[in-house]
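Asks: Based on what follows, work out the 3D shape:
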Amino acid sequence: MTHEDLLLAIKMITHRLRYLRWLQVGLDCLLAYLIWRILVGGLSLKLFWLTITRTRVFFGAFLCGILGYSVRQTRYHYRLNGQHLVDELGQQLNQRECQIVRRFQRY
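Replies: From the prediction side, this is the model:
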C-alpha cells in the first residue's frame, strides 16, 4: 500500500471507531436501563410505552449484552488493524500525518 492509501485507511478506521463508540454507549445505557427495570419492576414491566413480561425484558437485556460485547470486539479489532497501519507508516511523518495518527490513537 502507498503512503496515501495507509493514511486514508487510518482515517476510515477512525471514522468507524467514532461511530462504534457512540453505539457502544447507547447499548450500555440501554442495558443498564433494562437491568434496572428488571430489578425494580414486578412480574410485568412498563418499558418506555409497552407493557412486557419480566422474562422478555430479561431476554432483551441478554441480547443487548451480546450486541454490546460484539461491538466491543469489533472496536478492538479495528484498533488492532489501525495500529498495524500506523506501524507501517514509519517514523518520518509530517504534521498533517501526525495529526491523523493522534486522532486515531484517541479512540
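Asks: so how far is T55 from S70?
Replies: Applying C-beta to C-beta, to the nearest Å, the value for S70 to T55 is 23 Å. Placement of C-beta: from N, CA and C, glycine included.
Asks: same thing with K11?
Replies: On the measure of C-beta to C-beta, K11 and T55 end up 45 Å apart.
Asks: Please identify which of these two sits among more neighbours.
Replies: Between K11 and T55, counted using other C-beta atoms under 10 Å, K11 has the larger neighbour count: 14 against 10.
Asks: pLDDT at N81, what is it?
Replies: Looking at N81, its pLDDT stands at 93.
Asks: Distance check, it against E88.
Replies: Here N81 is placed at a distance of 11 Å from E88 (C-beta to C-beta).
Asks: ok, now N94?
Replies: Relative to E88, and taking C-beta to C-beta, N94 is found at 16 Å.
Asks: When the two are compared, which one has more neighbours?
Replies: Set N94 next to E88 and count neighbours by other C-beta under 10 Å: E88 wins out with 12 against 7.
Asks: Let me see the contact set for the residue nearest to that one when sequence neighbours are not counted.
Replies: Of all residues not flanking E88 in the chain, L6 sits nearest, at 5.9 Å (C-beta to C-beta, 6 or more residues apart in numbering). If a contact means C-beta atoms under 8 Å, 6 or more residues apart in numbering, then L6 has 85, 88-89 as its contacts.
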